[in-house]
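J.: below is the sequence, then the predicted model.
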Amino acid sequence: MSTEDLVEKAIKIRSNAYVPYSKFPVGAALKTKSGKVYTGCNIENAAYSVGCCAERVTIFKALSEGETEFVEMAVAADTNRPVPPCGACRQVMSEFFSKDMSIHLTNLNRDTKTFSMDDLLPFSFNNEDMEK
Ligand SMILES: O=c1ccn([C@H]2C[C@H](O)[C@@H](CO)O2)c(=O)[nH]1
Ligand SMILES: [Zn+2]
């Protein structure tokens, strides 16, 4: 699947977002090495802090199905600039994505900015930091 198609999937899955509190639907699409695509949206809760972003829902969906190798992700929201993922999602991404993996951030105009994992979260805390 092309990057453009991955972006379209991220935009489309926003329609499943459960966002009664923020009214800010976000969608994400994640491509595995084998070419399979997992999609996800944000899911909120009356206890605000237990809601989950589209990016993490998508990554956890794929991981829980046994996927471990990812090649590309797209994230979409109705924003002026391509939507920036929150810090928590960047940290989760850095656990499972290689430093050079591409993450495409976009909006409904299809303005798209592509970042490598390392650009999105430089100098990230990881397992090696606990090895001393
Ligand atoms: O990149 C982002 C930014 C925000 N949100 C969600 C969290 C919350 O449900 C709503 C408002 O922050 O948007 C995401 O899913 N992804
Ligand atoms: Zn997030």
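T.: Alright, I've got the coordinates. Ligands and ions are numbered 1, 2, ... in the order given.
J.: how about the most centrally placed residue in the chain, secondary structure?
T.: Nearest to the geometric centre of the chain sits Glu55, at 3.0 Å (CA atoms, centre = their mean). With DSSP: H, G, I helix; E, B strand; the rest coil as the basis, Glu55 sits in helix.
J.: what residues are up against it?
T.: Val26, Ala28, Gly40, Met73, Val75, Pro85, Cys89, Val92, Met93 (CB atoms under 8 Å, 6 or more residues apart in numbering). Placement of C-beta: from N, CA and C, glycine included.
J.: state the distance from the closest residue in space to it that isn't next to it in sequence to ligand 1.
T.: Using CB to CB, 6 or more residues apart in numbering and skipping the chain neighbours, the partner closest in space to Glu55 is Cys89 (4.0 Å). Distance, Cys89 to ligand 1, by CB to the nearest ligand atom, to the nearest Å: 6 Å.
J.: does Cys89 touch Cys53 like I think?
T.: Yes. The pair formed by Cys89 and Cys53 meets the contact definition of CB atoms under 8 Å, at 5.1 Å.
J.: the two: which is more packed in?
T.: Shown here are Cys89 and Cys53; by other CB atoms under 10 Å, Cys89 has more neighbours (24 against 21).
J.: returning to that earlier point: out of the contacts of Glu55, grab the one that's most surrounded.
T.: Ala28 (31 neighbours).
J.: what about the helix or strand where that residue lies, near ligand 2?
T.: Secondary-structure assignment from DSSP states H and E places Ala28 in strand 26-32. No. Against ligand 2, strand 26-32 shows no contacts by CB under 5 Å from the ion, the least distance being 8.2 Å.
J.: who does that strand touch, helix- and strand-wise?
T.: When contacts are defined as 3 or more CB pairs under 8 Å, 6 or more residues apart in numbering; DSSP states H and E, strand 26-32 sits against helix 3-13, strand 37-41, helix 54-64, strand 70-77.
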